[in-house]
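A.B. asks: just the structure for this:
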Amino acid sequence: MILNKVKHHYHQLIKDQYDGSQFTNPFVHYKIYAKRKGTDGGNIRSIIEKFALDGLVEVGAIPDDTIDFISMDKAEYFYDKDNPRAEIYLTEEGL
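C.D. replies: Below is the predicted model of the structure:
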């Protein structure tokens, strides 16, 4: 039940920030800003990736979140104790 609420929260965040762009072969670049050292960035990314990509499919930014459409991505990890966050950038693959 809690997981479903979190998913809907992420989807709403995507909807609120979506500018109408569409990507047929997206390259996804994640920038994860953790609050403290020793944070497992992969755990953060896995949650962000699942809910955010589902939200991007829902708004029509990407056709699907399978490997048929997203074949490349990148993640970078940083520390920002005052403003922990995740930033997701989409471009067409190869650009």
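A.B. asks: need the contact partners of the helix ranked longest in the chain.
C.D. replies: Secondary structure assigned by DSSP state H gives helix 41-59 as the longest helix of the chain. Applying C-beta atoms under 8 Å, 6 or more residues apart in numbering, the external contacts of helix 41-59 come out as 6-7, 10-11, 13-15, 18, 28, 30, 32, 34, 62-65, 70, 75, 77, 86, 88, 90. C-beta: built from backbone N, CA, C; applies to glycine.
A.B. asks: rounded mean pLDDT for that helix, please.
C.D. replies: On average, the pLDDT along helix 41-59 is 92.
A.B. asks: same check, this time on stretch 83-95
C.D. replies: 86.
A.B. asks: now do the buried residues in it.
C.D. replies: Ala86, Ile88, Leu90, Glu93 (16 or more other C-beta atoms under 10 Å).
A.B. asks: relative to the whole chain's centre, how far out is the helix or strand where the third one lies?
C.D. replies: I take that to be Leu90. Secondary structure from DSSP states H and E places Leu90 in strand 85-92. Centroid separation between strand 85-92 and its chain, computed with C-alpha atoms, centre = their mean, to the nearest Å, is 6 Å.
A.B. asks: next one: stretch 79-95
C.D. replies: 8 Å.
A.B. asks: ok, now stretch 75-95?
C.D. replies: For stretch 75-95 - counting by C-alpha atoms, centre = their mean - the centre lies 8 Å from the chain centre.
A.B. asks: quick check, His29 in a strand?
C.D. replies: Yes. Residue state for His29 (DSSP: H, G, I helix; E, B strand; the rest coil) corresponds to a strand.
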